[in-house]
Structures are given as C-alpha cells and as structure tokens.
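Enquirer: Sharing a sequence plus its predicted fold:
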Amino acid sequence: MATQPKTDPINEALVIRKLSLVSVIGNAVLSGFKLFAGITGHSSAMISDAIHSFSDVLTTLIAWIGVKVSKKASDEEHPYGHE
C-alpha cells in the first residue's frame, strides 16, 4: 500500500492575505485602466465601470478586515471566539 506524502498544514491567514492582496492590486489596476480609457474616450459607461471595479477593491478590503476580526481568539466578552 502506497503512503500519502506529508504536506504542511495550510496557514489560512496567509492564504487569505495573499488572495486579498492579489484581488486588490488586480482590481485597482483594472479600475485605473478603465478610468483612463473612459476619460480619454469620453465614455461615461467606461468611467462607471471603473467605479464599479474600484468598489470591488473596497469590498475585498472589508472582507479581509472581517476575516481578520473573526480569527481573533476568545476573550471575556466573546468566550467562544469572534467567528
């Protein structure tokens, strides 16, 4: 019988931080390009889409903060943790 190779346990906080960072950077760059294209092309639809892409940046930051708070250890006010 073949044995499974041992793998390191996943560090959830690190994975979430990396994915959030990639999402924030990607959406910020995308938003910048759309805003530039909208302004130079006089396209209100493209400018609106740039604002929508920027809202994705804010949503990701809010979600990251929520995950960070939920991972806090228990204390007197939250005996079962903050999840």
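Expert: Yep, it's here.
Enquirer: What pLDDT is listed against Leu58?
Expert: Note on Leu58: pLDDT of 91.
Enquirer: do Met1 as well
Expert: 56.
Enquirer: Give the buried residues for the one helix or strand Gly38 maps to.
Expert: Here Gly38, judged by DSSP states H and E, is contained in helix 12-40. For helix 12-40, a neighbour-count test (16 or more other C-beta atoms under 10 Å) marks 20, 23-24, 27, 30-31, 34-35, 38 as buried. To be clear about C-beta, it is placed using only N, CA and C from the backbone, and glycine gets the same treatment.
Enquirer: now the spatially most central residue of the chain: how far from Thr59?
Expert: The centroid of the chain falls nearest to Ser20 when counting by C-alpha atoms, centre = their mean (2.9 Å). Ser20 sits 11 Å away from Thr59, taking C-beta to C-beta, to the nearest Å as the criterion.
Enquirer: so what's the nearest residue to Ala63 once chain neighbours are set aside up against?
Expert: Leaving aside its sequence neighbours, Ala63 sits nearest to Ser20 (C-beta to C-beta, 6 or more residues apart in numbering; 7.3 Å). Residues in contact with Ser20, defined by C-beta atoms under 8 Å, 6 or more residues apart in numbering, are 60-61, 63-64.
Enquirer: And those residues, which of them are buried?
Expert: Among the contacts of Ser20, the ones that count as buried by 16+ other C-beta under 10 Å are 60, 64.
Enquirer: Go through the contacts of Ser20 and flag which are in helices.
Expert: Counting by DSSP state H, those place 60-61, 63-64 in helices.
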